[in-house]
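Enquirer: I'll drop the sequence and a predicted model, then ask my questions.
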Amino acid sequence: MHKKNQIINLPAGYFGMVLGIIGMGFAWRYAATIWPVSAAIGEALVALATLIWLALSLTFITRLVKYPHTILAEIHHPLMSSYVSLFPATTMLVSIGAAPYLRPLAVGLFLFGASLQLLYAAWKTAGLWRGDHPETATTPGLYLPTVANNFISAMACGALGYHDLGFLFLGAGVFSWLSLEPVILQRMRTAGELPPAVRPSLGIQLAPALVACSAYLSVDGGQTDVFAKMLFGYGLLQLLFMLRLIPWYAAQPFNVSFWSFSFGFSALANTALRLGHGGNDGLFNAIALPLFLFSNAIIGLLLARTVILLLQGKLIMRAELSGGGPDVTVR
């Protein structure tokens, strides 16, 4: 009989919490430059997200060093492998958060995150070209390695002043998005209903257009031109679809996977403010505040429900690790 040890086994998908919180922090940072609101709100959200990122990163790295098979199991899993790319993605977002205070640290985090995301995307996405990816694993999670990471890389470039490099990442993200979206939508329309446990991944569908808009504004100096408005319009259409499907993907109890909606909503808040402030059209001024408040309400709800999970002992996942083999059973 093998001896068993307990380990903290937080899947890489938990990094999704960082996406929404720090994204909303960036929105509040911008709000403080155009409205008479305290800059401390945005900085507090960025600090909270950074602390969560640090805790998750230490746990992730500890598992990688002491129990590498638990990480390898995620990397080779058809669904979970995409979420591993959230580690470099959130690292780059933290670099944006640090940029106004510690530029050398921000540049270091960006270089690490950008290099790691490109290496992982090459391994993960190019590996799919061999033709052995199951159709049932074709979900919006596939956007993460090449779409989300390249858009976030572009955002970091904009924050650090590397605008030409940022356009390269933006192009990589846009064309990766355009190539993946038809495949993902076709699967969801015709290849059978997503299981309830996987349905929250649909929240990622909200993000590409809005995060692309945010990345474009970052590298283009904040110019609210026609392209930015078109991206925002497609993002609003995806929001309408998300609202229509609430009863369908909410058919299971709340869990951390619902944070997949958060980055799209935080990008909605950020881009609404930028378009409302930078545009000459009264429409964007009219919708900026309602969309900002709505996005804050969603992120606040996710935070509240997550705290409840923590108090109930259902957030920190532990696993029993068999001393004689790589099998990990989550408790």
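Expert: Arrived safely. All values reported here derive from a predicted model rather than from experimental measurement. Residues are numbered from 1 along each chain as shown.
Enquirer: now the strands for the stretch 51-200 of the chain?
Expert: For the stretch 51-200 of the chain, applying DSSP state E, counting those that start in this stretch gives no strands.
Enquirer: I'd like to know how many residues surround I299.
Expert: When neighbours are defined as other C-beta atoms under 10 Å, I299 has 22 of them. In this view, the C-beta of every residue, glycine as well, is placed from N, C-alpha and C.
Enquirer: Could you do A114 as well?
Expert: A total of 24 residues lie near A114 under the criterion other C-beta under 10 Å.
Enquirer: Would you agree it is in contact with A156?
Expert: Yes. Assessed by C-beta atoms under 8 Å, A114 is found in contact with A156 at 7.1 Å.
Enquirer: okay, and the common contacts of the two?
Expert: M92 (C-beta atoms under 8 Å, 6 or more residues apart in numbering).
Enquirer: How many residues are close by S85?
Expert: Using other C-beta under 10 Å, S85 is surrounded by 24 other residues.
Enquirer: residues in contact with P140?
Expert: I184, S201, L202, G203, I204, Q205, S260 are the contacts of P140 under C-beta under 8 Å, 6+ apart.
Enquirer: wait, what's in contact with the residue lying closest to V37 once chain neighbours are set aside?
Expert: Once flanking residues are discounted, V37 sits nearest to A31: 5.5 Å by C-beta to C-beta, 6 or more residues apart in numbering. Residues in contact with A31 (C-beta under 8 Å, 6+ apart) are V37, G42, L273, F292.
Enquirer: where do the helices sit along this structure?
Expert: Here the chain has its helices, by DSSP state H, at 16-34, 39-66, 68-75, 86-98, 103-128, 143, 149-160, 163-190, 207-219, 226-244, 246-249, 262-278, 282-311.
Enquirer: Turn the ones you listed into CSV, columns for mean pLDDT and distance to V256.
Expert: CSV is the format used below for the helices of the chain (pLDDT from 0 to 100; distance: least, C-beta to C-beta, whole Å):
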stretch, mean pLDDT, distance to V256
helix 16-34, 95, 7
helix 39-66, 94, 11
helix 68-75, 86, 14
helix 86-98, 96, 12
helix 103-128, 93, 21
helix 143, 93, 18
helix 149-160, 96, 20
helix 163-190, 93, 22
helix 207-219, 95, 17
helix 226-244, 94, 18
helix 246-249, 85, 14
helix 262-278, 92, 11
helix 282-311, 92, 7
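Enquirer: any idea how far the nearest residue in space to I71 that is not next to it in sequence is from F87?
Expert: What sits nearest to I71 in space, not counting adjacent residues and going by C-beta to C-beta, 6+ apart, is L64, at 4.9 Å. Applying C-beta to C-beta, to the nearest Å, the value for L64 to F87 is 10 Å.
Enquirer: what do you get for A31?
Expert: 28 Å.
Enquirer: And for S115?
Expert: S115 is 12 Å from F87, where distance means C-beta to C-beta.
Enquirer: okay, these two: which has more neighbours?
Expert: For S115 versus F87, the count of surrounding residues by other C-beta under 10 Å is larger for F87: 22 against 12.
Enquirer: Correct me if wrong: that one contacts A12.
Expert: Yes. In this structure F87 lies within contact range of A12 using C-beta under 8 Å: 6.1 Å.
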